[in-house]
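Novice: could you work out the structure for the sequence below:
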Amino acid sequence: MTPGPSVVVAERPAAAEPRPYAFPPFRRKRLADGLSIIAVDMPGRPLLTASLVVPGGATEEPADLAGATVLMARALTEGTEVRDAVALVEAIERLGASLHAEAGWDALSISLDVPAGRFAAALDLVAEVASQPTFPIAEVERLREERLNDILQARADPRRRAEDAFIDTIYAPSSPYHRSSAGVTETVERLDAATSRAELARRFDPARMTLIVGGDLTGLDVEGLVTERFGGWTADPAAALPGPIDATPAASHRRLRVVHRPGSVQTEIRIGHPGAPRRIADFHALSVMSSILGGLFNSRLNRVLREEKGYTYGAHAGFDLRRAAGPFAARAAVDTAVTVPAILETLTVIEGIAGGVTPAELDEARDFLVGVFPLRFETAGAVVGALSGLVIHGLPDDELARYRPAIQAVTADNVAAAAVAHVHPDELAIVLVGDADAFLPELEAAGLGPIEVERDAPAPAAEVDDEER
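Specialist: This is a model prediction of the structure:
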């Protein structure tokens with residue numbers, strides 16, 4: 001008998017056994033000038049992805065020019081010695097391709113998506129953008145002004161304001177991680193075409209570069225095509241290898257910082273501290289632990305704050321794993337009235353993760369990570385992106401092939417050990433963006449520690465809009 005519309009299934013369907021999966025094999029080759037090639041053949045994927053990866057991102061720039069690397073990356077496609085910006089866009093579009101450059105904390109990359117039959121012509125454009133950019137003054141100035149406007153918008157956005165205040169709170173001023181990788185007003189204002197050229201020169205050494213190509217490579221001589229276009233490069237005299245990264249914490253004790261937004265109906269909550277780098281021995285245990293704590297929809301944090309308490313539409317916690325210790329953070333937006341209860345519940349969840357996990361939690365996290373892994377690599381772009389991670393972090397070639405078995409092997413004891421090693425409740429910073437006047441008395445009564453309140457200075461009368469008078 002077929003169940004009627006009023007029948008409710010009492011039990012959730014059980015997870016099936018993970019399907020077999022093997023990460024696509026790839027081959028490496030180093031050219032005479034030092035540039036490395038990684039080629040991964042993916043039959044049936046006629047849209048190729050190629051990415052020229054240069055490890056060493058925003059952490060490599062001078063502190064007083066913060067944002068120079070991100071600006072330089074954005075300006076790479078604004079004109080070359082062969083084509084201006086418009087002609088470059090037209091050349092890319094004629095090939096049915098897309099080409100973009102970007103930089104973050106850990107690397108600079110120039111990436112291409114193109115049909116396999118037009119790969120050679122598109123690769124010419126990658127080489128041109130990487131080795132012959134002109135950084136037109138007007139275009140660099142335009143991009144700089146866009147970033148300055150973006151900074152102003154970030155101050156008006158409570159989520160972005162919370163993120164900026166959080167990293168500024170948990171990292172020492174000596175660390176580049178205490179600010180956005182795209183820079184702050186005081187540093188971005190100094191940037192120009194000359195700083196863009198200097199940042200590219202600092203990285204222009206073929207021995208630091210890797211070109212990763214993925215897709216259906218049938219009939220393509222990838223090594224020959226790359227050698228023709230990249231094989232004769234020489235390092236810029238200013239080029240240097242990436243150095244150590246300062247990830248010094250701002251403090252080793254709990255800090256509370258409140259950014260006051262009068263009348264705000266919600267509070268953005270960030271709780272955390274500097275976390276861990278990507279290259280750690282217990283990476284897989286950390287991944288499982290992080291999923292249980294705040295990475296899954298049914299994580300402890302989301303279950304408590306959303307399902308049990310109804311404080312938020314969603315709460316998350318996890319680690320941003322970089323070349324050095326990126327931030328560990330729990331994040332939620334809650335109604336102003338429940339700000340302090342939400343903080344206390346979050347602290348309880350974080351403190352409790354080192355006490356162990358249940359078999360059901362362990363199975364759910366492992367099954368999710370193992371099950372979703374193949375879904376992450378259905379396109380050539382995703383595979384190339386994963387291989388970029390190996391290059392950037394100096395990971396072994398079998399890192400992706402052994403991921404699923406390593407996750408399946410994680411035990412409850414491993415999870416507890418990872419929590420003890422990487423989650424430090426006594427060092428948590430609590431950063432809030434919301435209406436301080438509405439919750440400050442309750443926050444003080446909670447006795448979590450000294451509270452720093454940041455109140456924006458009122459705008460000068462001349463800057464107040466007539467409609468606001």
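
Novice: ok, Leu99 - contacts?
Specialist: The contact partners of Leu99, by CB atoms under 8 Å, 6 or more residues apart in numbering, come to Thr77, Ile92, Ile110, Ser111, Leu112, Ala122, Leu125, Val126, Val129. C-beta coordinates here come from the backbone N, C-alpha and C atoms, glycine included.

Novice: doesn't Val129 make contact with the third one?
Specialist: So the one you mean is Ile110. Yes - checked against CB atoms under 8 Å, the pair Ile110 and Val129 is within contact range at 5.8 Å.

Novice: joint contacts of these two?
Specialist: In contact with both Ile110 and Val129: Leu76, Leu99, Ala101, using CB under 8 Å, 6+ apart.

Novice: follow-up on the earlier one: between which two of the contacts of Leu99 is the distance greatest?
Specialist: Using CB to CB, these reach their maximum pairwise distance at Thr77 and Ala122, which is 13.2 Å.

Novice: neighbour-wise, which of these two wins?
Specialist: More neighbours surround Ala122 than the other of Thr77 and Ala122, with 22 against 19 (other CB atoms under 10 Å).

Novice: so the more buried one is in contact with Leu95, correct?
Specialist: Yes - with contacts counted by CB under 8 Å, Ala122 reaches Leu95, the gap being 5.1 Å.

Novice: okay, and the common contacts of these two?
Specialist: Residues touching both Ala122 and Leu95 (CB under 8 Å, 6+ apart) are Val114.

Novice: what segments of the stretch 351-469 of the chain are helices?
Specialist: Secondary structure of the stretch 351-469 of the chain (DSSP state H, counting those that start in this stretch): helices located at 359-372, 380-393, 403-408, 412-422, 436-445.

Novice: how about the longest helix seen in the chain: buried residues?
Specialist: Determined from DSSP state H, the single longest helix within the chain is helix 137-156. Buried residues in helix 137-156, counted by 16 or more other CB atoms under 10 Å: Glu139, Val140, Leu143, Arg144, Arg147, Leu148, Ile151, Ala154.

Novice: find me the pLDDT at Arg19, would you?
Specialist: What the model reports as pLDDT for Arg19 is 76.

Novice: give me the most central residue, the protein.
Specialist: Centroid-nearest residue in the chain: Asp320, 6.6 Å away (criterion: CA atoms, centre = their mean).

Novice: would you mind measuring from the nearest residue to Leu112 once chain neighbours are set aside to Ala97?
Specialist: Nearest residue to Leu112, sequence neighbours excluded (CB to CB, 6 or more residues apart in numbering): Ala50, at 4.6 Å. Noted for Ala50: a distance of 10 Å to Ala97, by CB to CB, to the nearest Å.

Novice: what touches both of these two?
Specialist: Common contact partners of Ala50 and Ala97 (CB under 8 Å, 6+ apart): Leu112, Val114, Ala122.

Novice: going along the chain, name the strands of the protein.
Specialist: For the chain, the strands defined by DSSP state E occupy 27-30, 36-41, 47-55, 98-103, 107-115, 210-215, 255-260, 266-274, 315-319, 327-335, 429-434, 451-455.

Novice: wait, isn't Ala182 in contact with Ala68?
Specialist: No - applying CB under 8 Å, one finds Ala182 not in contact with Ala68, separated by 9.8 Å.

Novice: neighbour count winner among these two?
Specialist: Under the criterion of other CB under 10 Å, the comparison of Ala182 against Ala68 puts Ala68 first, with 28 against 21.

Novice: report the contact partners of the closest residue to Gly56 other than its chain neighbours.
Specialist: Leaving aside its sequence neighbours, Gly56 sits nearest to Pro242 (CB to CB, 6+ apart; 3.7 Å). Going by CB under 8 Å, 6+ apart, Pro242 touches Pro55, Gly56, Thr59, Glu60, Arg323.

Novice: one more: Gly394?
Specialist: Contacts of Gly394 (CB under 8 Å, 6+ apart): Arg279.

Novice: which stretches in the stretch 151-300 of the chain count as helices?
Specialist: Assigned helices in the stretch 151-300 of the chain, in chain order: 158-170, 185-188, 193-203, 222-230, 283-290, 300-302 (criterion: DSSP H, counting those that start in this stretch).

Novice: quick one, which of the ones you listed is nearest to Val213?
Specialist: For those, the distance to Val213 is smallest for helix 222-230, at 5.3 Å, taking CB to CB.

Novice: and the closest one, what does it pack against?
Specialist: Counting contacts by 3 or more CB pairs under 8 Å, 6 or more residues apart in numbering; DSSP states H and E, helix 222-230 packs against strand 36-41, helix 119-131, strand 210-215.

Novice: now the first one: average pLDDT?
Specialist: Right, the one you point to is strand 36-41. 98.

Novice: again with the last one
Specialist: Over the span of strand 210-215, the pLDDT mean works out to 98.

Novice: would you pull up how far that strand lies from the middle of the chain?
Specialist: Strand 210-215 has its C-alpha centroid displaced from the chain centroid by 21 Å (CA atoms, centre = their mean, to the nearest Å).

Novice: just checking, what packs against that strand?
Specialist: Packing partners of strand 210-215 (3+ CB pairs under 8 Å, 6+ apart): strand 36-41, strand 47-55, helix 222-230, helix 380-393.
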